[in-house]
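Asks: Based on what follows, work out the 3D shape:
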Amino acid sequence: MRGYIQSILIIFLFLLSLGLGLTACHSNEVSQLSEVEGAGVTYSEMFKSYDRIDEYKEVKHYEPIQLGDVPVELSQRLTEPLVNIMLHEDLPFSERVLYFNRIKNYEGDYVDQFQLSCWDLEDDQFFTVTITESTLNPFDHGAGEIARVDLFGNKVRKHYLFSGDPIIHHIQQEESAQVFRYYQYDEEDENVRTVATRAHELYTYYDGYIYHFGYSVKAEDEDYHKTILRLARSSIVGRI
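Replies: Numbering: from 1, shown residues only. You can find the predicted model right below:
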């Protein structure tokens with residue numbers, strides 16, 4: 001796994017050395033990717049009334065990409081925090097793919113959405129992070145003013161990034177929970193499906209993007225929750 005991560009790191013360092021990185025304006029088409037069928041987008045059930053991602057008007061799905069095969073055209077659209085998460089060694093999963101969508105949002109503007117999906121073939125453990133471009137900061141509209149438990153009694157904790165931006169940690173310990181959504185590709189039908197399940201979640205906004213994490217692992221103890229929180233904070237801002 002370490003050798004795999006190092007090879008990906010070399011690729012991204014090379015791309016960054018060419019001056020590639022976050023751009024303020026993107027074209028609607030991505031010529032190096034294959035558009036596929038798909039319905040729906042992923043969004044946070046808890047925060048959808050604040051970020052309005054669920055009010056999309058149109059979505060273009062593309063075939064998911066292996067991390068070692070990210071085309072140069074798409075690498076120009078990756079945020080630095082997403083690259084940091086992709087390279088992080090605290091994600092002990094054997095399978096990793098990157099999803100990319102173009103979403104026509106509630107204002108009629110096209111925005112980028114990425115989802116990094118990590119999982120193991122032999123069990124139900126998974127980790128995902130969905131990153132959605134947004135000029136709307138949900139925390140400017142009350143997203144941080146939430147109760148310490150959700151409607152089902154699950155814990156809700158408010159932390160902060162080093163930048164001072166809030167990050168919400170939603171920990172599931174009850175039998176009932178809000179829906180968590182992620183993308184899954186059906187190779188036979190060439191279709192990106194939206195899967196509904198339950199998961200522990202992290203949610204924040206930083207530098208024009210909404211970051212929505214979801215994870216489910218066997219070792220769901222307090223230390224692992226701290227590990228995922230540390231991963232999110234250090235990857236997004238670069239410091240814990």
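
Asks: Every contact and neighbour count from this point should use C-alpha atoms.
Replies: Fine.

Asks: mind showing which ranges of the protein have poor pLDDT?
Replies: Within the chain, the segments meeting pLDDT under 70 span 1-29, 219-220, 239-240.

Asks: List the contacts of the spatially closest residue to residue 116 that is not a sequence neighbour.
Replies: Spatial nearest neighbour of residue 116, excluding adjacent residues (C-alpha to C-alpha, 6 or more residues apart in numbering): residue 98 at 4.7 Å. Applying C-alpha atoms under 8 Å, 6 or more residues apart in numbering to residue 98 gives the contacts 64-67, 114-117.

Asks: cool, and residue 229?
Replies: Counting by C-alpha under 8 Å, 6+ apart, residue 229 makes contact with 169, 202.

Asks: which SS class is it?
Replies: helix (DSSP: H, G, I helix; E, B strand; the rest coil).

Asks: Return the residues in contact with the spatially most central residue of the chain.
Replies: Centroid check for the chain by C-alpha atoms, centre = their mean gives residue 130 as the closest residue, at 1.8 Å. Residue 130 makes contact with 42, 113-116, 210-213 under the criterion C-alpha under 8 Å, 6+ apart.

Asks: Any idea what it is bridged to?
Replies: Counting by DSSP bridges, residue 130 is bridged to residue 115, residue 212.

Asks: That one and residue 182: what is the separation?
Replies: 8 Å (C-alpha to C-alpha, to the nearest Å).

Asks: Overlap in contacts, these two.
Replies: residue 42.

Asks: Just the strands from the chain, written as ranges.
Replies: 35-38, 58-62, 65-66, 95-104, 110-119, 126-133, 155-160, 166-171, 180-186, 191-197, 200-206, 209-216 (DSSP state E).

Asks: Just put those in TSV and tack on distance to residue 233.
Replies: Below are those laid out as TSV (distance: least, C-alpha to C-alpha, whole Å):
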stretch	distance to residue 233
strand 35-38	31
strand 58-62	28
strand 65-66	25
strand 95-104	20
strand 110-119	16
strand 126-133	13
strand 155-160	8
strand 166-171	8
strand 180-186	21
strand 191-197	24
strand 200-206	10
strand 209-216	11
